[in-house]
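**Student:** Give me the fold of what follows.
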Amino acid sequence: MDTSQYLELFIDETKEHLQTLNEHILELEKDPENADTINEIFRAAHTLKGMSGTMGFTRMQRLTHDMENVFQEIRNENMKANAKLVDILFRGLDALESYLDVISSSGNEGTEDNEDIINDLNAMVAEGTGGGSGNASATSETKKEDAPKEAAGKKDKFADIPVSEYEIVAMDNAKAEGQNVLGITVYLQETCILKAARAFLVFKSVENKGELIKSVPDTEKIEDEEFEFDFSWILATKESKETIKKLIMNVSEIADVAIDDFKYTSNASSSQESAQPSAASVEKAESKEPSKKAPSASKGKVASRSVRVDIDKLDVLMNLVSELIIAKNALVSVTSTTGEGSVDVSGNQIFYENIEYLERVTTNLHESVMKVRMVPIESVVNRFPRMIRDLNRKLDKKMELYMSGEDTELDRTVIDELGDPLMHLLRNSADHGLESNEERVRLGKPEIGSIFLDAYQDGNNVTIEVRDDGGGIDTEKVKNKAIEKGTITAQQAETMTDKDFIDLLFRPSFSTADKISDVSGRGVGLDVVKTKIESLGGSIEAKTVRGEGSTFIIQLPLTLAIIQALMVEVGTEKYAIPLGNITTIEDVMPDEIRLVQSKEVIHLRGNVIPIIRMNEVLEMQNYEKSSESESEIVVVVKKGDQRVGLVVDKLLGQQETVIKSLGHHITNAKLFSGATILGDGEVALILDTNTLI
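**Tutor:** Model (predicted):
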């Protein structure tokens with residue numbers, strides 16, 4: 001069977017099952033008696049084994065089979081989960097993830113057998129159950145225990161299958177062609193969860209070897225799992241009983257197979273007319289094949305309400321929506337301007353109504369596509385509890401991770417890039433932030449340190465906070481390290497605030513670590529985190545209280561494709577400022593602008609806000625103010641708690657803008673996050689206000 005078409009689906013579902021196993025094994029370590037957790041683990045491992053076996057990944061199947069044996073013994077209360085067993089299980093999960101990485105890149109599972117993990121798993125089973133050695137005995141014991149009670153009594157249930165006249169004719173015809181008519185009863189293990197799937201695999205194993213004449217229960221009931229742990233067939237085949245039995249027993253979770261010649265009263269002397277139903281019976285038998293049968297409409301079952309969609313297809317859809325918005329803006333522009341190229345539609349009410357309708361539709365379409373692309377942040381953060389557990393052991397520090405807001409959603413393109421920065425911050429908190437167990441006790445703190453990961457939506461942005469209750473950032477140590485490295489001078493240090501020192505941590509190649517470790521730092525500081533977050537259109541800042549802990553606050557836009565922006569004019573050029581970064585717009589008279597340390601500032605509602613003249617930042621040649629007003633238009637933008645005012649010449653209004661990449665040819669583009677196409681076809685650059693603060 002060609003399984004290559006299912007490879008992507010296998011990879012996606014395996015990732016989900018591995019994450020489920022990670023989460024539930026962590027829970028099992030804390031509560032070894034929780035039956036629900038044990039059952040969930042067994043189900044995930046069992047499904048993973050079946051999937052890998054069906055895809056032909058035998059090494060992966062073998063490892064999951066041995067892990068499943070461990071979960072089965074825990075489930076049967078023959079052994080309990082302890083720290084040693086959990087460590088081995090996590091090694092097994094890491095090995096499975098390695099298999100998956102190889103499969104994702106090459107399409108095969110590689111050559112690593114992970115014999116050490118398999119041996120350790122089997123040793124734990126032997127130790128826990130008090131007997132047996134190796135995987136074979138554990139498997140055989142499982143099969144003996146799992147064999148259905150019915151198997152101890154009458155095994156050949158097929159002997160009682162009632163047959164109709166036309167089924168007798170079909171069997172006579174098969175015998176006339178030299179085929180064997182076999183009765184088969186297949187017994188599944190009682191631990192089998194997906195009975196219908198297992199029955200389907202049994203059918204697939206023999207479908208090319210003969211013809212199914214009758215099934216009890218019928219194939220529809222088997223597919224709907226309306227049967228116990230056995231089912232019976234009448235099969236016409238040219239193969240021997242031994243061959244058919246061997247094929248069926250090769251399918252996993254088969255406890256036993258009863259097979260023999262099916263005995264019935266022959267109808268060979270019947271008239272030719274009575275033989276006519278034979279063709280009908282053949283068609284009927286074929287139509288009952290599980291792989292070809294359509295679901296029964298009479299069952300009233302609700303179909304799945306979700307589908308898996310490749311992210312590339314969503315990108316194409318988003319691009320088409322973007323082009324539609326550009327076309328809509330062009331229509332609005334050409335009807336709202338006068339002069340050459342404009343269209344006179346004054347008095348045409350129907351045209352204006354349709355333009356308004358088009359605007360509503362494109363806005364709703366954009367929102368719908370965005371919702372499809374939104375993914376809960378849970379898909380990134382759900383692997384961190386396991387990471388903190390491993391750091392607990394590695395650093396010999398007791399710590400707990402508390403998470404909230406896992407259902408907060410972000411665009412898929414942002415989610416894909418968010419994992420590494422968050423992991424770096426959590427490792428930083430575990431390594432640098434939290435004190436040692438002894439130090440915490442000496443300071444009167446709880447021995448177990450706490451790390452918090454909180455996510456929540458804030459307007460058009462998502463805020464993620466990583467905080468700890470450790471010792472906080474030692475600004476004096478940062479200052480001394482910065483002077484030692486030559487990052488700042490001693491004279492500069494005298495005028496710097498604590499916040500200025502904390503901001504030094506985000507400088508390239510700056511680290512306060514006394515020695516480089518593989519846990520955090522690595523000699524590169526937090527600049528990699530800042531660079532990645534800002535490349536996503538976000539911002540990051542740090543706050544600390546000495547002795548109480550530190551907080552890193554990340555703000556990210558909900559989307560990177562289409563934004564609401566304020567269009568402004570500086571000189572004769574147009575620029576877009578994302579609305580999510582703007583706090584207020586002020587009209588400021590020249591005499592309200594003051595100089596502080598040679599920098600222009602304004603006093604706004606109790607706050608001193610520095611101002612930046614955009615014509616100077618943009619280095620405009622032959623600049624002439626496009627507005628005749630004496631007052632200055634100041635757009636106040638934010639980055640965390642910081643505020644700065646941008647002086648522009650004219651406000652052009654709010655517009656839905658499509659962000660287009662500047663490409664790789666423009667090297668000095670730090671001021672801009674992209675460009676957008678205006679309604680008249682003109683290109684306007686989108687200002688990245690984070691770089692100005």
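
**Student:** Can you list the low-confidence ranges for the stretch 501-650 of the chain?
**Tutor:** Scanning the stretch 501-650 of the chain for pLDDT under 70 picks out 509-525, 559-561, 626-627, 640.

**Student:** hey, where'd the helices end up in it?
**Tutor:** With DSSP state H, counting those that start in this stretch, the ranges of helices along the stretch 501-650 of the chain come out as 527-535, 614-617.

**Student:** Show me what the first one is packed against.
**Tutor:** In this case it means helix 527-535. Packing partners of helix 527-535 (3 or more C-beta pairs under 8 Å, 6 or more residues apart in numbering; DSSP states H and E): helix 412-428, strand 539-545. To be clear about C-beta, it is placed using only N, CA and C from the backbone, and glycine gets the same treatment.

**Student:** in stretch 364-373, what counts as buried?
**Tutor:** Neighbour counts using 16 or more other C-beta atoms under 10 Å place His366, Val369, Met370, Arg373 of stretch 364-373 among the buried residues.

**Student:** Pipe those into JSON lines and attach distance to Glu541 and secondary structure per row.
**Tutor:** Shown next, in JSON lines, are the buried residues of stretch 364-373 (distance: C-beta to C-beta, whole Å; DSSP: H, G, I helix; E, B strand; the rest coil):
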{"residue": "His366", "distance to Glu541": "30", "secondary structure": "helix"}
{"residue": "Val369", "distance to Glu541": "31", "secondary structure": "helix"}
{"residue": "Met370", "distance to Glu541": "27", "secondary structure": "helix"}
{"residue": "Arg373", "distance to Glu541": "27", "secondary structure": "helix"}
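
**Student:** ok, so of those residues, who is nearest Gln189?
**Tutor:** Arg373 (42.8 Å; C-beta to C-beta).

**Student:** Would you check that that closest one makes contact with Val414?
**Tutor:** No: the pair Arg373 / Val414 is not scored as a contact, 9.6 Å apart, by C-beta atoms under 8 Å.

**Student:** Name the strands paired with the host helix or strand of Leu235 and say parallel or antiparallel.
**Tutor:** Here Leu235 sits within strand 230-237, counting by DSSP states H and E. Sheet pairing for strand 230-237, assigned by DSSP bridges, gives strand 180-188 (antiparallel), strand 210-216 (antiparallel).

**Student:** If you count neighbours, what's buried in the shortest one?
**Tutor:** It refers to strand 210-216. Within strand 210-216, the residues that qualify as buried are Gly210, Leu212, Ile213, Lys214, Ser215, Val216, counting by 16+ other C-beta under 10 Å.

**Student:** what's downstream of it, the next helix or strand?
**Tutor:** helix 219-223.

**Student:** which other helices and strands contact that following helix?
**Tutor:** Using 3+ C-beta pairs under 8 Å, 6+ apart, the elements in contact with helix 219-223 are helix 195-206.

**Student:** Output the contacting helices and strands for the helix it packs on.
**Tutor:** So helix 195-206, by 3+ C-beta pairs under 8 Å, 6+ apart, packs with helix 35-55, strand 180-188, helix 219-223, strand 230-237, helix 241-249.

**Student:** please redo it, this time with the cut-off set to 7 Å
**Tutor:** Secondary-structure packing of helix 195-206 (3 or more C-beta pairs under 7 Å, 6 or more residues apart in numbering; DSSP states H and E): strand 180-188, helix 219-223, helix 241-249.

**Student:** between these, which gets the lowest average pLDDT?
**Tutor:** Mean pLDDT across the helices and strands packed on helix 195-206 is lowest at helix 219-223; the value there is a mean of 79.
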